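Novice: When you get a sec, could you give me coordinates for this:
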Amino acid sequence: MSSIAVAIYGPIFIGVVLNILLYGIMITQTYIYFNTFKQDRTWMKAFVGLLFLCDTVNCVFDIIFLYVPLINDFGDELALTTASWVFATDPAMTAIIGSLVQLFFAWRVKVLTNSTPAVLVITACAIVSLLGGIGTSIAVGMIPQFFEFQKFKVIVIIWLIASSVADCLITFVLVGYLRVHKTGFGPTDDFVNKIIRMTVQTGLITALWATVDLIVYLASPTGLHLIFNIPLAKLYTNSLMSSLNSRAGWSYGSNSSGPATAESGNRGRNFGVRTGGEASQMTPSQVYVDVESHEMVDVVDAKGVYPPEPALNTHGYSKRSVVLTHTAGGAPPPRS
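Specialist: Numbers count the residues shown, from 1 in each chain. Below is the predicted model:
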């Protein structure tokens, strides 16, 4: 009895604990999203709400599954070795959540790169992963004994490999596109590098986790792979929410005084423009362009009258020349 509990419910317990911990992070991320990005499209907010609902249902089912055999059916060996219908929902829920996240990133790839072949391949992998997860749930219902789960390993392999391939494709396509389209401006490239790091972190984590889950599943007939399988859904939702919420901290300049918020993200950003002291430190043969700036400040004319007479330029409208790029050699053109 004790060996069965250790071999099966030990990994399940650890997996459920990790799942609940990640669900707590998901609650925080969802709260931050709805309070920070109130101007997002309605469909995007509904999509986040749907993912949160799926995550909640998944957690409730996992807790019920763990409670019934360990509490209600305590001492019943058959209950310990047999998966109930509640447990059978886990692969399907994980596949649904993972596929929704992958389809969202496929949309992002379409918007950013406009690459139809890449989008089609990612979408196909997401759909295959979805069908594989649903098929795994059906197989668990047909063969509910934990020690016989490897009898339907073909459908599990299809599910997890398709999921990993979709995650890798999303990561490689986005990273490749961003690397090719670097501008050569230091601050702007710093911003692009932040997006690249976020893409790699959120995409490869789920791909590696699903791959490890598959390897452990094929290598061990016990429930050890459930340590990785049960929290997989939360990794997908947290990766998406991390990507969405990171927009609040994106800044186009490496010298920004603080993180941008959703409401101020489009104001006061340094779009790769070098000004002031930076310009004086740059090497010759620099390119100068005129940049108009608006500063919402009070203006007092030379007579000390407010508003100035006549009331022109009341918002500090000015025009200045700043340095955008530079190359080695030569002399800079005259500044305006």
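Novice: Only C-alpha atoms from now on, for both contacts and neighbour counts.
Specialist: OK.
Novice: What is the neighbour count of Ala166?
Specialist: 29 (other CA atoms under 10 Å).
Novice: what stretches of the stretch 101-250 of the chain score poorly on pLDDT?
Specialist: 181-186, 188-193, 195, 197-202, 249-250 (pLDDT under 70).
Novice: pretty sure Leu224 belongs to a strand, no?
Specialist: No: in this structure, Leu224 is coil, not part of a strand, as judged by DSSP: H, G, I helix; E, B strand; the rest coil.
Novice: Now for it: which residues touch it?
Specialist: Leu224 is in contact with 7-8, 11-12, 216-217, counting by CA atoms under 8 Å, 6 or more residues apart in numbering.
Novice: how about 7 Å then?
Specialist: By CA atoms under 7 Å, 6 or more residues apart in numbering, the residues touching Leu224 are 11, 216.
Novice: Mind listing what's buried along the host helix or strand of Ala106?
Specialist: For Ala106, the enclosing helix or strand under DSSP states H and E is helix 85-113. By neighbour count on 16 or more other CA atoms under 10 Å, the buried set for helix 85-113 is 86-107, 109-110.
Novice: Next secondary structure after it?
Specialist: Taking DSSP H and E, what comes next after helix 85-113 is helix 116-142.
Novice: helices and strands around that following helix, which ones?
Specialist: For helix 116-142, the packing partners by 3 or more CA pairs under 7 Å, 6 or more residues apart in numbering; DSSP states H and E come out as helix 85-113, helix 153-180.
Novice: Kindly export the host helix or strand of Leu78 (C-alpha atoms) in CSV.
Specialist: Using DSSP H and E, Leu78 falls within helix 77-81. The C-alpha trace of helix 77-81 is given here as CSV (Å, rounded to 0.1, in the frame of the first residue of the first chain):
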residue,chain,number,x,y,z
GLU,A,77,-6.0,0.0,-2.9
LEU,A,78,-8.1,0.0,-6.0
ALA,A,79,-8.9,3.7,-5.6
LEU,A,80,-5.2,4.4,-5.3
THR,A,81,-4.3,2.6,-8.6
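Novice: and that helix, which residues are buried?
Specialist: 79-81.
Novice: Could you list which residues are in contact with Phe146?
Specialist: So Phe146 contacts 81-83, 223 (CA under 7 Å, 6+ apart).
Novice: Can you tell me which of the residues you listed is nearest Trp209?
Specialist: Of all the contacts of Phe146, Gly223 has the smallest distance to Trp209: 16.0 Å, by CA to CA.
Novice: how many neighbours does the closest one have?
Specialist: 21.
Novice: Isn't it up against Gly10?
Specialist: No: the criterion here is CA atoms under 7 Å, and Gly223 misses it with Gly10 at 8.2 Å.
Novice: Now for these two: what residues contact both?
Specialist: With CA under 7 Å, 6+ apart, Gly223 and Gly10 have no common neighbours.
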